[in-house]
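[1] The following comprises the amino acid sequence and a computationally predicted model.
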Amino acid sequence: MLDNCSDTCGWISGLIAALSFGSFGVPIKFISNVKVDPLVMQSYKSMICFLTCWLVIPLGEPFKFTPWGIVSGAFWVPGATAGIYGIRNAGLAISVGTWSSLMVISSFCWGIFVFGERVKSVEGACGAACVLVVGLVGMSIYSSPVKTTNNYDHSGDGKKGKFEDDDSSTGATTATASEWVQSNADVSKKEMTPLLRDDSINEETNSSDEEAGVELQEIIDISIEGSGHTAPTSVPTDTNLPSKRSSSRKVVRRKAKNDNSEGNESIELLKKRDKTEEKEEKLSFFNGKVRLTRRQLGIVGAIVNGTWGSNSMIPMHYARKQGFYGAGYLISYSCGSMLITILLWIIRYLHNVYLLDGNYKDAYYALPSFHVREMWVVGLLSGSLYSLGNFCSIITVTALGQGVGYSFTQTSMLISGIWGIFFFQEVQGTGRILKWIMSSIITIAGILWLSYEHVGSTEAH
């Protein structure tokens, strides 16, 4: 029934898809205090898409399945997982902006040059796509937060001390992949099973003193065995694993007298601790030849989503020969994505087994928590938004084509930028915000130009 959607229906569906794709990351930002692994977040999205895909049956679509849905899932699930990592580490606006730009380029090339979708002018369509990409890149650049200093007020006198981030230091302690996974397993066994454990309770031991002199945290650095080695490329980058701070230090609490000398000592200890943490923020790869911050790794995750995840709709065009297209493809897409998600969990478990020298029990405990109590609402909201966007994007591609339709859905950057800049205040400064607005105007111009170049169904005959 929905396969015969008109151009107007396609544009409306694309608008809804852009709103949904631009907002699905918002619930993730609200749980920034909970260290949710990207694969866990993606699992919630996959489950919601799987549970809601059956709603197309009451709309008149028959139940049928094609293996091309598994191929779509193989593109979407790993790419979207990397995208979630990008949101958590690089920010909502810059992550969505980065992968949106790449998805426009990829979708346009597939649609115009591979599938031969009709446009009024190939040159004009290329120009519109370039304008759209320039606008998206501009929004991505000007939605990137500037580097700031850290502020502290632990003395109780209202004064804040500042010191710059120290990126030049190379004294960070690093751990091997097996040590990292083993530390996570040790913590898990002391609490609950991976599905239900609440890793957030560990944060209580890391809370700083609000009143100087009441309680002083004495930080004792303990070297991790093998700290002279840098982390290999196989080190998991998920945020659920215990931080180096918890695995490389012991926190010893002792009572302190309420006087100025020990209050100053508390401030100095906090500064020393946080400077050390800044050193540990960079992760090393290829025997220390490449060192990236978590924000840089987040941008890499967004790039992976834009290059790999952007191909998730391509298999639908090949499945069309078998009668699978539009809403009728959603069941195959969702079921295939669920199968790929389960496969990734199996691969991750076997990877843990390998790192832990065949210890199957510890490998199970090293799996990340699902944070059911904190995540069921957030996972439901985020997954539902993405599921809606995914459904509408399929309708859009069916009506407008891969080159124009899927490119149009990537204007979700406008929505995520509004969330990131004006709600989460990821960007400060009137100048940068005005530049972002100018970039958004360029993006809108690209959208209007691209829509003009599209050959409608009535024009094609």
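    It's in. Numbers count the residues shown, from 1 in each chain.
[2] For stretch 133-145, output the C-alpha coordinates as CSV.
    Only the C-alpha atoms of stretch 133-145 are listed here, as CSV (Å, rounded to 0.1, in the frame of the first residue of the first chain):
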residue,chain,number,x,y,z
VAL,A,133,27.6,19.1,1.9
VAL,A,134,29.2,22.5,2.3
GLY,A,135,26.4,23.6,4.6
LEU,A,136,26.6,20.4,6.6
VAL,A,137,30.3,20.6,7.0
GLY,A,138,30.0,24.2,8.1
MET,A,139,27.4,23.3,10.7
SER,A,140,29.7,20.4,11.9
ILE,A,141,32.7,22.8,12.2
TYR,A,142,30.9,25.5,14.0
SER,A,143,29.0,23.1,16.3
SER,A,144,32.3,21.7,17.5
PRO,A,145,33.0,22.8,21.1
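[3] If we go by neighbour counts, what in that stretch is buried?
    Buried residues in stretch 133-145, defined by neighbour count with 16 or more other C-beta atoms under 10 Å: 133-140, 142-145. All C-beta spots, glycine's among them, are computed from the backbone N, C-alpha and C.
[4] Likewise for stretch 303-320?
    In stretch 303-320, counting by 16+ other C-beta under 10 Å, buried: 303-317, 319-320.
[5] looking at this structure, which helix or strand does the model trust least?
    strand 215-221 (a mean of 35; mean pLDDT, DSSP states H and E).
[6] Residue 316 touches residue 328, doesn't it?
    No - between residue 316 and residue 328 there is no contact under C-beta atoms under 8 Å: 9.8 Å.
[7] what's residue 30 in contact with, if anything?
    By C-beta atoms under 8 Å, 6 or more residues apart in numbering, the residues touching residue 30 are residue 378.
[8] Check the gap between it and residue 427 for me.
    Distance of residue 30 to residue 427, computed by C-beta to C-beta, to the nearest Å: 19 Å.
[9] circling back to that earlier point, is it possible to get a markdown table of the buried residues of stretch 133-145 that adds pLDDT?
    A markdown table is the format used below for those (pLDDT from 0 to 100):
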| residue | pLDDT |
| --- | --- |
| 133 | 89 |
| 134 | 91 |
| 135 | 89 |
| 136 | 85 |
| 137 | 85 |
| 138 | 87 |
| 139 | 83 |
| 140 | 77 |
| 142 | 81 |
| 143 | 71 |
| 144 | 65 |
| 145 | 60 |
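[10] Any chance of CSV for these, columns secondary structure?
    Shown next, in CSV, are the buried residues of stretch 133-145 (DSSP: H, G, I helix; E, B strand; the rest coil):
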residue, secondary structure
133, helix
134, helix
135, helix
136, helix
137, helix
138, helix
139, helix
140, helix
142, helix
143, coil
144, coil
145, coil
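[11] export the residues you listed to JSON lines and tack on distance to residue 282?
    Shown next, in JSON lines, are those (distance: C-beta to C-beta, whole Å):
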{"residue": "133", "distance to residue 282": "30"}
{"residue": "134", "distance to residue 282": "31"}
{"residue": "135", "distance to residue 282": "32"}
{"residue": "136", "distance to residue 282": "28"}
{"residue": "137", "distance to residue 282": "26"}
{"residue": "138", "distance to residue 282": "28"}
{"residue": "139", "distance to residue 282": "27"}
{"residue": "140", "distance to residue 282": "23"}
{"residue": "142", "distance to residue 282": "25"}
{"residue": "143", "distance to residue 282": "23"}
{"residue": "144", "distance to residue 282": "18"}
{"residue": "145", "distance to residue 282": "18"}
